[in-house]
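S.K.: I'll drop the sequence and a predicted model, then ask my questions.
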Amino acid sequence: MATEDPAVDAEPKRADWSIEEVGVLVQYLHDHCAEWGDTGNFRQSTYANAAGHIRLLHISGKIKDHKNILIKWGAIKQTYNVIITYHSKSGKHWDNEHGTNISGALAGENWSKYVAMKGNALMRPFHNKGWEYIDFLEDIF
C-alpha cells in the first residue's frame, strides 16, 4: 500500500499573484473594457480569456482560472473604491504621484488612526505614493 507524502502538494490551492500578473491583468481588462457587463463586472468569457492571457507569466501557486481572475478583479475594484471614497471627502488630498502625501508627526498619527478604522486598511500603502492602476480603472469605470 503506497502512502502519499503530505508535504508534497501536487496542486497548489492558492493563486499567488506576481506584480507582473496583476499589471497584465489590469491592462487586459482595460483593453477589453467594451466587454463590461450590465452587473458591474466583466463577462465570464472575459475572465477566462484574461486567465489564458496571463498564463505565460505564471511563477508559483495555482494556475489562474476565471474564478481567480474574478476574485482578483474584485480586490482591485475594492482598492479603487477605497481611494475614490477617500479622495471624495472634503479636505482629503490625493494625487497619483504622492498618494495622500502624509508628512509630519501629527499627520502620521492621524493617518494611522484613519487606516486602523474598519474599511480603511486598503489605503495604508498610499500614504506617500500613488497607485499605478488608477488611470486604467478610471478609464474602465
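M.R.: Cool, got the structure.

S.K.: low pLDDT regions in the protein?
M.R.: Applying pLDDT under 70 to the chain flags residues 1-11.

S.K.: Ala34 and Leu70, how far apart?
M.R.: According to C-beta to C-beta, to the nearest Å, Ala34 and Leu70 sit 18 Å apart. In this view, the C-beta of every residue, glycine as well, is placed from N, C-alpha and C.

S.K.: How about Ile83?
M.R.: Distance from Ile83 to Leu70, by C-beta to C-beta: 21 Å.

S.K.: Which of the two has more residues huddled nearby?
M.R.: Comparing Ile83 with Leu70 by neighbour count (other C-beta atoms under 10 Å), the higher total belongs to Ile83, at 22 against 17.

S.K.: Just to be sure, the more buried one is in a strand?
M.R.: No: applying DSSP: H, G, I helix; E, B strand; the rest coil, one finds Ile83 to be helix, outside a strand.

S.K.: Go ahead and confirm it touches Tyr133.
M.R.: No: counting by C-beta atoms under 8 Å, Ile83 does not reach Tyr133; the two are 9.8 Å apart.

S.K.: which outside residues touch stretch 130-141?
M.R.: Contacts to stretch 130-141, defined as C-beta atoms under 8 Å, 6 or more residues apart in numbering, come from residues 22-23, 26-27, 29-30, 33, 36, 76-77, 79-80, 83, 95-99.

S.K.: Flag every buried residue along it.
M.R.: 130-131, 133-134, 136-137, 140 (16 or more other C-beta atoms under 10 Å).

S.K.: Need those residues in CSV (columns: secondary structure and distance to Phe42).
M.R.: Converted to CSV, these look like this (DSSP: H, G, I helix; E, B strand; the rest coil; distance: C-beta to C-beta, whole Å):
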residue, secondary structure, distance to Phe42
Gly130, coil, 25
Trp131, coil, 20
Tyr133, coil, 15
Ile134, helix, 19
Phe136, helix, 14
Leu137, helix, 13
Ile140, helix, 9
